[in-house]
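> Generate a structure from the sequence data that follows.
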Amino acid sequence: MIMGESNITINADLSEARILLADDDSRMLDSLSGLLKLYDFQVETALGGQNAIDKLVTNQYDLILLDLKMPDVSGHDVMNFMSSNNITTMTIVVSGETSMDDVSKALRHGAYDYLKKPYIPEQLTATVKNAVRKKLLEKSNQVMQKKLNQSERLHRFIVNNSPDIIMILDKNGLFCFFNSKIESLLNFGKIDLVGKHISSIVEDEDLEKANYFFEYALSGKAGIQSMDLALKSNNPGHSKRHFELSLCPIEEHGKTNVNGNQRYRIYGTARDITERLEAEAFINFQAYHDLLTRLPNRALFKDRLSLAIEQAQRSNTQLAVMFIDLDRFKIINDSLGHSVGDRLLQAVAGRLQGCIRKGDTLSRFGGDEFTLLLPDVNDISAAIHIAEKILSSLKQPFDLIDHQVHIGASIGIALSADADQGIDALIKNADIAMYRVKKTGKDGYQFFTNEMHTASTERLTLEQDMRRAIDNDEFEICYQPQINTHDLQICGVEALIRWNHPTLGRLSPADFIPVAEDCRLIIEIDKMTLRKACREIRQYQQKSMPDLRLAVNLSPLMIEKTHFVEDILKTLEEEQYPPELLELEITENILMTDRQDVIKKLLILASKGIQLSIDDFGTGYSSLSYLQTLPVNTLKIDRSFISEIRSVDDDISIVNAIVSMAKGLKMSLIAEGVETKEQLDYLSGLGCHVVQGFLFGQATQMKDVERQFHQNLTLLKGMSGS
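Below is the predicted model of the structure:
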């Protein structure tokens, strides 16, 4: 009955709690205040740290919700002020982007808990309620302890319902009294401990520290002293628990020792801080480890690399850094789902750990990238052996959630002797070497060389120039005509981007498109190309060529954008371009990503009248079943197949197969790269009635397309004798 009455009283008193909210964001204060007032808490707000200090000086609060990052006076300074001025208001930290050191520091300074912004309302209110209950109980204990002599019953209630263990020790450190909390926390009863020494409940590793602490408290030279100790549990198999032990000397009136000095007994409390320490440990683990793979993260890897570099410099040894990027991971993650992708990363981490030496550091650097630190690599054969071991291990199939998947890895290796021995330089060099592996076929390893650095620098310069070129309108749209073989007239044009570089001159797409795709600038280039081309071709449609069709290439990155469809339709509307005269060219590889999402987007565009074609058909990985589901109108035969046609008598099996398939699927055909009359005649005979290539004109400005076409057409007719 007493316990039940205690809970009722404490719950009833929640509305009496005074809470101070301290933050430099008035919107956050309004949000917190509104939430807590729903539970009838008495809430006051302080805008900034100094305002909070001013209110703490003149008012008494049970709880403060405190932001650590305030520009005038930080949350840490507010807590230091409270500690220095014996302000016992309980503190809950509610903060945003805060380092783990800040959080740990706040907890060490007595913060009850830490909540991260944006907060979860249910979690915050539960934490506040628990803190208020605890604070009210502590206040109740403080008041009641002053009245112990007035009521023995009240004394027992307070002591035995304290959240902490309460004990009294004699001058020899023997238990004279303890409350019932010691039984619920440590499973010791009175018969177990009365007359026993306090060391009987202290773990062995803390015995020496505990004995010194007790003797110092018994001397009476200081007031209340506190220390963290590990205490034993009387439950076999239970893990040890950590407590904050506070001891205070109590004078035994009228009693002195043999030297005539005052004799003391010891009053003590032991507060269970196990969960707090576990929370601190977990926060620290989160700061330096990847929670998915349990591997060290980027921060811990850099920290260990820094120490390894210092050690290598002192011992005149060499170390190596490997940058490991998984091949085909994105395809697997997009097509099979993130749950499979996560399982794959965990399995990869396990295999990589089985390939390294004791003392090496493997980390998940981010995404599907891993880094490996190899200290004491004086012979590069050691690094080669580990790299080959990793490649061999990853070649084995992975069985994941009803799927068997195959991946590879591209590994770049940098030696400390090849850099200025800085952390970032080594990692960057390994990354550059890995990138070279990606460009030369993947699934292998390469060591960094200075030539790679030069190429990487040139690539970075080109990327920077490209960003400036977009702003300075240095890109130009050229057009290559598409010819109807029935009447040898222009039926369409393909828009092709060219770059007028201020120092390098005119650059073709092959010179800059791969870089644009890597840095995702291709999205802006695609959007700009579409807009410019629609504007220019619309003028020719309105003047003399009303049925002229425009074909524009789109990169997979553009199609993957969330607002891809909206961007296309908005451009057509703003440029007043008829959708039925636009043909968007996509590659087969786009089907290797999220197919359903791609199909959904393309169906919307097709419903608006936009034509769709597959560019470079036959060079990718498309499935015939998906060709039937895609709203594709046209297949473009890649120039690599057309170049094999040398006379009408050649047996060009691939071209024949593509033409037959297109007819079966009721799709149109366009042949790219037509350069000879023999190729034209062969394709026309097969039933491919639209061609483009140097035979009819190179890509040029729209104003020159017709002139160049008619010149070439005259030459063509001359060759045929007409």
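> From now on I want contacts and neighbour counts done on CA atoms only, so please keep to that.
OK.
> hey, where'd the helices end up in the stretch 501-650 of the chain?
Using DSSP state H, counting those that start in this stretch, the helices of the stretch 501-650 of the chain run over residues 509-518, 522-543, 556-560, 564-575, 595-607, 624-629, 639-642.
> Outside of the shortest one itself, list whatever touches it.
Spelled out, it's helix 639-642. For helix 639-642, contacts defined as C-alpha atoms under 8 Å, 6 or more residues apart in numbering pick out 616, 654, 655, 671, 672, 673, 674, 679.
> In helices, which of those appear?
654, 655, 679 (DSSP state H).
> returning to what we had before: hmm, which of the contacts of helix 639-642 are the buried ones?
Neighbour-count burial (16 or more other C-alpha atoms under 10 Å) is assigned, among the contacts of helix 639-642, to 616, 655, 671, 672, 673, 674, 679.
> any chance of the residues you listed in JSON lines, plus distance to residue 162 and pLDDT?
Putting those into JSON lines (distance: C-alpha to C-alpha, whole Å; pLDDT from 0 to 100) gives the following:
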{"residue": "616", "distance to residue 162": "78", "pLDDT": "77"}
{"residue": "655", "distance to residue 162": "87", "pLDDT": "84"}
{"residue": "671", "distance to residue 162": "86", "pLDDT": "91"}
{"residue": "672", "distance to residue 162": "85", "pLDDT": "92"}
{"residue": "673", "distance to residue 162": "87", "pLDDT": "91"}
{"residue": "674", "distance to residue 162": "91", "pLDDT": "92"}
{"residue": "679", "distance to residue 162": "95", "pLDDT": "89"}
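> any idea which of the residues you listed is closest to residue 80?
residue 616 (68.4 Å; C-alpha to C-alpha).
> Not including adjacent chain positions, what is the nearest residue to the closest one?
What sits nearest to residue 616 in space, not counting adjacent residues and going by C-alpha to C-alpha, 6 or more residues apart in numbering, is residue 638, at 4.2 Å.
> Is the one you found in contact with residue 615, as I believe?
Yes - Residue 638 lies in contact with residue 615 (C-alpha atoms under 8 Å); the separation is 7.3 Å.
> Between the two, which has more neighbouring residues?
Neighbour count, other C-alpha atoms under 10 Å: between residue 638 and residue 615, residue 615 has more, with 22 against 19.
> ok, now which ones touch the more buried one?
Per C-alpha under 8 Å, 6+ apart, neighbours of residue 615: 585, 586, 587, 588, 635, 636, 637, 638.
> Of those residues, which is the most crowded?
When neighbours are taken as other C-alpha under 10 Å, the top entry among the contacts of residue 615 is residue 637 (25 neighbours).
> beta partners of that one?
residue 617, residue 671 (DSSP bridges).
> Residue 468 versus that one, what's the distance?
Separation of residue 637 from residue 468 (C-alpha to C-alpha, to the nearest Å): 35 Å.
> repeat for residue 357
46 Å.
> Break the protein down into its domains, please.
With domains defined by automatic domain parsing, the chain comprises 2-134, 164-279, 291-448, 461-716.
> Next SSE downstream of the host helix or strand of residue 215?
Using DSSP states H and E, residue 215 sits in helix 207-218. Of the helices and strands lying after helix 207-218 in sequence (DSSP H and E), the nearest is strand 225-231.
> what inclination does that following strand have with respect to helix 207-218?
Computed by axes from the mean of the first three to the mean of the last three C-alpha atoms, to 10 degrees, the angle separating strand 225-231 from helix 207-218 equals 150 degrees.
> which other residues reach strand 225-231?
Outside of strand 225-231, the residues within contact range by C-alpha under 8 Å, 6+ apart are 201-203, 206, 210, 213, 217, 240-248.
> quick check, distance from that strand to the centre of its chain.
The chain centroid and the centroid of strand 225-231 are separated by 39 Å under C-alpha atoms, centre = their mean, to the nearest Å.
> Could you pull up the mean pLDDT of that strand?
Mean pLDDT, strand 225-231: 83.
> cool, and stretch 83-93?
For stretch 83-93, the mean per-residue pLDDT is 91.
> Could you tell me the end-to-end distance of that stretch?
The stretch stretch 83-93 measures 15 Å between its terminal residues, going by C-alpha to C-alpha.
> Residues in contact with that stretch: which ones?
Residues outside stretch 83-93 that contact it (C-alpha under 8 Å, 6+ apart) are 56, 60-68, 82, 106, 110-115, 128, 131, 135.
> Name the residues of that stretch that come out as buried.
Neighbour counts using 16+ other C-alpha under 10 Å place 89, 90, 91, 92, 93 of stretch 83-93 among the buried residues.
> how far does it sit from the chain's center?
With C-alpha atoms, centre = their mean as the basis, stretch 83-93 stands 36 Å off its chain's centre.
> can you list the weak-confidence ranges in the stretch 551-700 of the chain?
Applying pLDDT under 70 to the stretch 551-700 of the chain flags residues 591-594, 618-626, 646-651.
> make it 90
Along the stretch 551-700 of the chain, segments meeting pLDDT under 90 span 556-557, 559-562, 587-600, 614-633, 636-667, 676-679, 681-689, 695-699.
> what helices or strands is the top helix by length along the chain leaning on?
Counting by DSSP H, the longest helix found in the chain is helix 121-145. Counting contacts by 3 or more C-alpha pairs under 8 Å, 6 or more residues apart in numbering; DSSP states H and E, helix 121-145 packs against helix 2-12, strand 63-66, strand 90-95, helix 152-160.
> rewinding a little: any of the contacts of stretch 83-93 buried? List them.
56, 61-68, 82, 106, 111-115, 128, 131, 135.
> Mean neighbour count added to the helices of the stretch 501-650 of the chain, as a markdown table?
Below are those laid out as a markdown table (neighbours: other C-alpha atoms under 10 Å):
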| stretch | mean neighbour count |
| --- | --- |
| helix 509-518 | 14 |
| helix 522-543 | 18 |
| helix 556-560 | 18 |
| helix 564-575 | 14 |
| helix 595-607 | 16 |
| helix 624-629 | 11 |
| helix 639-642 | 18 |
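> and the gap between residue 588 and residue 225?
Counting by C-alpha to C-alpha - residue 588 and residue 225 are separated by 73 Å.
> cool, and residue 440?
With C-alpha to C-alpha as the criterion, residue 440 and residue 225 are 67 Å apart.
> who's more crowded, those two?
Neighbour count, other C-alpha under 10 Å: between residue 440 and residue 225, residue 225 has more, with 15 against 10.
> who does the more buried one bridge with?
Judged by DSSP bridges, the bridge partners of residue 225 are residue 247.
> what's the spacing between residue 452 and residue 78?
Residue 452 is 52 Å from residue 78, where distance means C-alpha to C-alpha.
> More neighbours: those two, which one.
Counted by other C-alpha under 10 Å, residue 452 and residue 78 do not tie: residue 78 has more neighbours, with 20 against 16.
> Tell me the gap between stretch 79-94 and the middle of its chain.
Distance, stretch centre to chain centre, for stretch 79-94: 35 Å (C-alpha atoms, centre = their mean).
> Can I get the buried ones among the contacts of helix 639-642 in JSON lines including distance to residue 481?
Shown next, in JSON lines, are the buried ones among the contacts of helix 639-642 (distance: C-alpha to C-alpha, whole Å):
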{"residue": "616", "distance to residue 481": "17"}
{"residue": "655", "distance to residue 481": "21"}
{"residue": "671", "distance to residue 481": "12"}
{"residue": "672", "distance to residue 481": "11"}
{"residue": "673", "distance to residue 481": "12"}
{"residue": "674", "distance to residue 481": "12"}
{"residue": "679", "distance to residue 481": "17"}
